[in-house]
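J.: Pasting the sequence and the predicted model now:
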Amino acid sequence: MDIKTIHEIKINPLLHAYLRFDSSWYKILNRNPEAIVELERAAKKYFKLTFPDRLQQFVGNIEMISSFIDVLK
């Protein structure tokens, strides 16, 4: 793996944590360092940090708050 890729992994805790979970990415990054973009997408999808996931979490929080308010009435 090249130095730039290693540096990007070390400064991004999300990538570092995902690599510990799915070590097959080491092989992919050794062969193709530009695949770090795909690694970021996979990590965001795994940790549910994509826009649809965040939107769904926000809607769930709003529903929980509204049901809590309904119970208090």
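T.: In hand now; what should we look at? The structure presented is a predicted model; accordingly, all values stated were derived computationally and were not measured. Numbers count the residues shown, from 1 in each chain.

J.: any idea which residue sits dead centre in this structure?
T.: residue 44 (2.2 Å; CA atoms, centre = their mean).

J.: Could you tell me which residues make contact with it?
T.: Counting by CB atoms under 8 Å, 6 or more residues apart in numbering, residue 44 makes contact with 14, 50. (Glycine included, C-beta is placed from N, CA and C.)

J.: at 6 Å what do you get?
T.: residue 50 (CB atoms under 6 Å, 6 or more residues apart in numbering).

J.: Quick check: it vs residue 73, distance?
T.: 39 Å (CB to CB, to the nearest Å).

J.: still on that earlier bit, just to confirm, which helix or strand has the residue nearest to the centre of the chain in it?
T.: Residue 44 is part of helix 36-46 when elements are defined by DSSP states H and E.

J.: List the buried residues for the next helix or strand after that helix?
T.: Later in the chain than helix 36-46, the nearest helix or strand by DSSP H and E is helix 51-72. The neighbour-count check on helix 51-72 (16 or more other CB atoms under 10 Å) flags nothing as buried.

J.: what do you get for stretch 14-28?
T.: For stretch 14-28, by 16+ other CB under 10 Å, it's 15, 18-19, 25.

J.: Can you tell me which of the residues you listed is nearest residue 48?
T.: Nearest to residue 48 among these: residue 18, at 12.1 Å, using CB to CB.

J.: residue contacts, that closest one?
T.: Here residue 18 is in contact with 43, 46 (CB under 6 Å, 6+ apart).

J.: Do you know the pLDDT at the residue nearest to the centre of the chain?
T.: Here the pLDDT value assigned to residue 44 is 96.
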